[in-house]
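> quick one: sequence plus predicted model below, questions after.
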Amino acid sequence: MRPQKLEDVIGQDEIIGEKKILTEIVRAGEPVNLIFWGPPGTGKTTIARILAKEFQADFIELSAVTSGKKDIEEVIQRAKTNWNLKIRTMLFVDEIHRFNKAQQDAFLPHVESGLIVLIGATTENPSFEVISPLLSRSRVVVLNHLNKTAITKVIERAAKAEKIKIKKDAIDYLAELSQGDARSALGDLELAVSLKSPVTVEVVKEAAGRKVPGYDKKGDAHYDNISAFIKSMRGSDVDATLYYLARMLEAGEDPKFIARRMVIFASEDIGLAQSGDLLIAENCFQAIERVGLPEGEIILSHTACVLAQAPKSRASYNAWLRAKQSAHRSMNLPIPLKIRNAPTKLMKDLGYGKDYKWETGFHAEGSYLPDEIAGEKFFTGE
């Protein structure tokens, strides 16, 4: 079911089509190094194969999970042979973020020389997972989750090509079940076909062995659940906090998204009442990055319980909002001379830094704000 041409790829209209990046690269006739960043089942491997075919290149595929130094050396030798035969070599590295720095470094001289055209695929943010030299020599292309309409088209195309009898509501159910992953949708369809024809919703349920979670990660359920989670922590309702956390995780919500929201909550809602909770939330985010799921659920629930039970204070956050509002109105007001930097004699002669004191126990006399707003109070303790 893999598309053989760019125009046959479903659901990536942001990067394929008239005046879109991949179509323009093919039209220009000169391959470039690319990093595909996107969720599983969105077409990263398929598009890489299509590009190799378009440029009549020798396509080599490596998985960073199973490949090592020896595999990289073999690729380079094959690329050198291709070079002598005037054949381009396109290397596709799946899950490139799994290669360590030394392994990624090994590609650099050959990418620079043009011996290989590199296409890396990753589900993680390449800014953190791909070394800067490789990143600077590549174009990052973002692939998005396929929406339900796109997944439906994928299933319908497969059903037509394979002459599969399938009910319309079964197609709809498969699309919901896939959660934006075309590979998952086709896998579930294949299992369903092996059980019974025609394929119905009941057959799909039996084949897939799981139910649609009823949760669209870009729809209302996504925002409603995270809102309920935050408000439950804010209201110190630990039971509701854990319930909504469980709902999100059961539905496949990104645990790093949840952890990020808890970091924000620790500062916005707990704030000065228990400042150390910001460190707890930050450590939770780091732990989730390192541990992942399912064990990460324990860390998330632990942190959520801490934050829900903590005393709450909006004093620092409210003070920040007031300060921002004032700064927006008064950006052009001069900074008082006494707190300006004075790196030169002329600036000192002009009064920069004059009478400024700093010593243990020192407290400012008067306000350090510009004279015109010296009476404003942003931090009220509330």
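Noted; the coordinates are in hand.

> OK, contacts around Leu189?
With contact taken as Cβ atoms under 8 Å, 6 or more residues apart in numbering, Leu189 is in contact with 155, 158-159, 164, 166, 174, 199. (Glycine included, C-beta is placed from N, CA and C.)

> right, I mislabeled it, should have said Ala319
Counted by Cβ under 8 Å, 6+ apart, Ala319 has contacts 378-380.

> give me the three-state assignment for it.
Using DSSP: H, G, I helix; E, B strand; the rest coil, the structure places Ala319 in helix.

> coming back round to it: export the contacts of Ala319 to a markdown table and tack on distance to Gln274, pLDDT and secondary structure?
Putting these into a markdown table (distance: Cβ to Cβ, whole Å; pLDDT from 0 to 100; DSSP: H, G, I helix; E, B strand; the rest coil) gives the following:
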| residue | distance to Gln274 | pLDDT | secondary structure |
| --- | --- | --- | --- |
| Phe378 | 22 | 85 | coil |
| Phe379 | 18 | 85 | coil |
| Thr380 | 19 | 85 | coil |
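
> among those residues, which one has the most neighbours?
Phe378 (15 neighbours; other Cβ atoms under 10 Å).

> quick check, that residue in contact with Lys324.
No. Checked against Cβ atoms under 8 Å, the pair Phe378 and Lys324 is beyond contact range at 9.1 Å.

> pull the number of nearby residues for Ala158.
Applying other Cβ under 10 Å, we find 18 residues neighbouring Ala158.

> whichever strand or helix holds it: how far from the chain's middle?
Using DSSP states H and E, Ala158 maps to helix 148-161. Remark: helix 148-161 is offset 26 Å from the chain centroid, using Cα atoms, centre = their mean, to the nearest Å.

> quick one: buried residues of it?
Within helix 148-161, the residues that qualify as buried are 150-155, 158-159, counting by 16 or more other Cβ atoms under 10 Å.

> can you redo these as CSV with distance to Lys348 and pLDDT?
Converted to CSV, the buried residues of helix 148-161 look like this (distance: Cβ to Cβ, whole Å; pLDDT from 0 to 100):
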residue, distance to Lys348, pLDDT
Ala150, 66, 92
Ile151, 69, 93
Thr152, 72, 94
Lys153, 71, 95
Val154, 71, 94
Ile155, 75, 95
Ala158, 77, 94
Ala159, 81, 94
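
> quick one: Ala246 from Lys44, how far?
Counting by Cβ to Cβ, to the nearest Å, the gap from Ala246 to Lys44 is 31 Å.

> picking that back up, now the contacts of Leu189 in a markdown table, with distance to Glu129?
Shown next, in a markdown table, are these (distance: Cβ to Cβ, whole Å):
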| residue | distance to Glu129 |
| --- | --- |
| Ile155 | 32 |
| Ala158 | 32 |
| Ala159 | 37 |
| Ile164 | 39 |
| Ile166 | 39 |
| Leu174 | 32 |
| Val199 | 39 |
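
> now do the contacts for the residue positioned nearest the centre of the chain.
The centre of the chain sits closest to Asn125, judged by Cα atoms, centre = their mean, with a distance of 5.6 Å. The neighbours of Asn125, taking Cβ under 8 Å, 6+ apart as the test, are Trp37.
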